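*Asks:* I need the structure of the sequence given here:
(chains A and B)
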Amino acid sequence: MIEFKDLSLVYPNGHQGLKDVNLKIEDGEFVVIVGLSGAGKSTFIRSINRLVTPTEGELHVDDDNILDYKGRGLRKLRTKVGMIFQSYNLVKRNNVIKNVLAGRLGHTGTIRSVFNLFSKDDKALAYESLKRVNIDEKLYNRADELSGGQQQRVSIARVLTQKPKYILADEPVASLDPPTSHQVMQYLRKINKEDGITTIVNLHFIDMAMEYADRIIGMRAGEVVFDGPVSEVTEETFEEIYGRSIREDDLRGGVEEDVEQNV
Amino acid sequence: MSNKMSKPTINEDNYAPLLSPWRVKAKITVIFFVIIIFLLFSSWRTGVDLNALIWGFSNMTQITDKLFPLNMGVLGPAMNTLFETIHMAIIASTFSTLVVIPVSLLAANNITTNWFIYNTTRLIMNILRTIPDVVLAVIFVGLFGIGVFGGIVALFIFSLGILAKLISETIESVDMHPVEAMRASGANTIQAIAYGVVPQVLPQFTSFSLYVFEINIRASVVIGLVGAGGIGQLLMNQFSFNNYGAVMTIIIVIFAVVILIEYISGKIREAII
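*Replies:* This next block holds a predicted model:
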């Protein structure tokens, strides 16, 4: 469970990233954060694994205030909170399996990892994760030989290999085309359902948020301006969140295809 | 003037833009004339002219008469000291490539965020690099006596300075996104560097190390002249005995080996980049 208590974040330059955020995310939820760019979506997500540090309030992950963490405690938190990035963040020169195994670093000793001495179980887990996102045949390809969608699937496999309790995805489909975007979202959704991993995704596409979320949190200027199940959300809700009428480029479009057929 | 007046202006149909704005053009012209002035001033102050060049070449026959015939007797000692030179270069290059790993990480501002450590490392490396290899050799031959050891230490310091600059700049240009991903998954600093940075710099690292090895071969000849061992020292000895046939033989041997080593390491570098 993740709980925000009066959480605020002011960047050193004075920009207010988060403002008095109070909410609770239950285990197993699939939450989508929506808002315009600069609304604080990234700050919200990056607070949970402390890539940024809130300046006021409390943030509890599994009943522990993570704002106190440093060093070993912080690394321990991050091993149970996996993250997916807009630009995939793979090592482009490395092959796929090495990239996926990097997800085990937090669970592996420094000396062992420097000499690539991953256990058999770790390697099996990495391969299993690749199979789950249907990219196991690219095992030995260099990451930069893959398309954007394939790279994002490898990064999902990396997160799976980490065996996290929570997955944070920061604009995971912003660099992808519509069909690939749906594919990536479907994999995230499937993993959330099958493994019960709490998943929090930043999106700025309204239609995708509606399609995949259980719950939508709307942000504007660092504040949570909407929080509710997807059934309560209407077009007016988005106009309220965005502070303007809905436009063509707020929608991703593209047809929904079945994951299994797709690959 | 009338020609200038009739040029089409920006609002007319056949307006042809300049390739660069006139300000840039003026700047380049000024720089060009400044360089010419420096060149003329320098040659006036040093009193050099083309006549001296032509006059100098007319002495060529005098030198070639002395350098030939080759003295093949020196070939044996030349080969021995040549291997000494290569050994010196290998030892110095190996140690400097090992030591440069932590040093270049400390001198890269994307890895070392501590302002003080970063700038101190940079400063020390910059100072090392400004000392010419011959001066280093004179210092270390003074410290450790005539022979290879002083030469090796001099080469080590010399190549460390070069490598630290080249490799820290390579590290600064890597894509930091994978490092961010690894930090976010609980990896510690050493793991994030080993997995996120090392694979990205490895090809350049290998290439620069080979390059420094090539430089060390040539530099070890030069520092031999001041008594730091190797074939350079033999060359200097023969020179002081006016044994020019032997000098020419040694020069040819050095020439052949330098070409050969540069060829081989060039091929290796091509293969890895």
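*Asks:* The stretch 101-250 of chain A: strands as residue ranges?
*Replies:* Secondary structure of the stretch 101-250 of chain A (DSSP state E, counting those that start in this stretch): strands located at A:166-169, A:198-202, A:215-220, A:223-229.
*Asks:* Nearest to chain B, out of those?
*Replies:* strand A:166-169 (8.3 Å; CB to the nearest CB). Backbone N, C-alpha and C define where each C-beta goes, glycine included.
*Asks:* Does anything pack onto that closest one? Which helices or strands?
*Replies:* The contact analysis (3 or more CB pairs under 8 Å, 6 or more residues apart in numbering or on different chains; DSSP states H and E) places strand A:166-169 against helix A:41-48, strand A:81-84, helix A:178-195, strand A:198-202.
*Asks:* ok, residue A:206 touching residue A:248?
*Replies:* No. Using CB atoms under 8 Å, residue A:206 is not in contact with residue A:248, being 10.9 Å away.
*Asks:* Between those two, which has more neighbouring residues?
*Replies:* Between residue A:206 and residue A:248, residue A:206 has the larger neighbour count (other CB atoms under 10 Å in any protein chain shown), namely 23 against 6.
*Asks:* I'd like to know how far that one sits from chain B.
*Replies:* Going from residue A:206 to chain B by CB to the nearest CB, to the nearest Å gives 27 Å.
*Asks:* OK, contacts around that residue?
*Replies:* Residues counted as contacts of residue A:206 (CB atoms under 8 Å, 6 or more residues apart in numbering or on different chains) are A:34, A:238, A:246, A:250-251.
*Asks:* returning to that earlier point: any chance of the helices and strands packed on strand A:166-169 in a markdown table with mean pLDDT as columns?
*Replies:* As requested, the helices and strands packed on strand A:166-169 are arranged in a markdown table below (pLDDT from 0 to 100):
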| stretch | mean pLDDT |
| --- | --- |
| helix A:41-48 | 94 |
| strand A:81-84 | 95 |
| helix A:178-195 | 93 |
| strand A:198-202 | 95 |
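*Asks:* now for the ones you listed, which one comes closest to chain B?
*Replies:* Relative to chain B, the nearest member of the helices and strands packed on strand A:166-169 by CB to the nearest CB is strand A:81-84, separated by 4.3 Å.
*Asks:* does any bit of the closest one sit next to chain B?
*Replies:* Yes. With CB under 8 Å from any CB of the partner chain as the criterion, chain B is reached by strand A:81-84 at A:81-83.
*Asks:* Now the residue in chain A positioned nearest to chain B. Nearest residue, chain neighbours left out?
*Replies:* In chain A, the residue that lies nearest chain B is residue A:106 (2.6 Å; CB to the nearest CB). Spatially, and ignoring its direct neighbours in sequence, residue A:106 is nearest to residue B:186 (2.6 Å; CB to CB, 6 or more residues apart in numbering or on different chains).
*Asks:* repeat for residue A:146
*Replies:* Leaving aside its sequence neighbours, residue A:146 sits nearest to residue A:138 (CB to CB, 6+ apart; 6.3 Å).
*Asks:* That neighbour contacts residue A:97, correct?
*Replies:* No. Applying CB under 8 Å, one finds residue A:138 not in contact with residue A:97, separated by 9.1 Å.
*Asks:* Spit out the residues that contact these two alike.
*Replies:* Common neighbours of residue A:138 and residue A:97 (criterion: CB under 8 Å, 6+ apart): residue A:130.
*Asks:* how much space between the residue nearest to residue B:202 when sequence neighbours are not counted and residue B:174?
*Replies:* Among residues not flanking residue B:202 along the chain, residue A:93 sits closest, at 7.9 Å (CB to CB, 6+ apart). Applying CB to CB, to the nearest Å, the value for residue A:93 to residue B:174 is 10 Å.
*Asks:* Over to residue A:32?
*Replies:* 33 Å.
*Asks:* Compare those two (neighbour count), which wins?
*Replies:* More crowded of residue A:32 and residue B:174, by other CB under 10 Å: residue A:32, with 26 against 20.
*Asks:* angle of the helix or strand containing the more buried one against helix A:41-48?
*Replies:* For residue A:32, the element it lies in under DSSP states H and E is strand A:30-34. Orientation check (axes from the mean of the first three to the mean of the last three CA atoms, to 10 degrees): strand A:30-34 against helix A:41-48 gives 140 degrees.
*Asks:* So what does the residue in the stretch 101-250 of chain B positioned nearest to chain A look like in phi/psi?
*Replies:* Closest residue of the stretch 101-250 of chain B to chain A, CB to the nearest CB: residue B:186 (2.6 Å). The phi/psi pair for residue B:186 (degrees, to the nearest 10) reads phi 100, psi 10.
*Asks:* Fine by me, we can end here.
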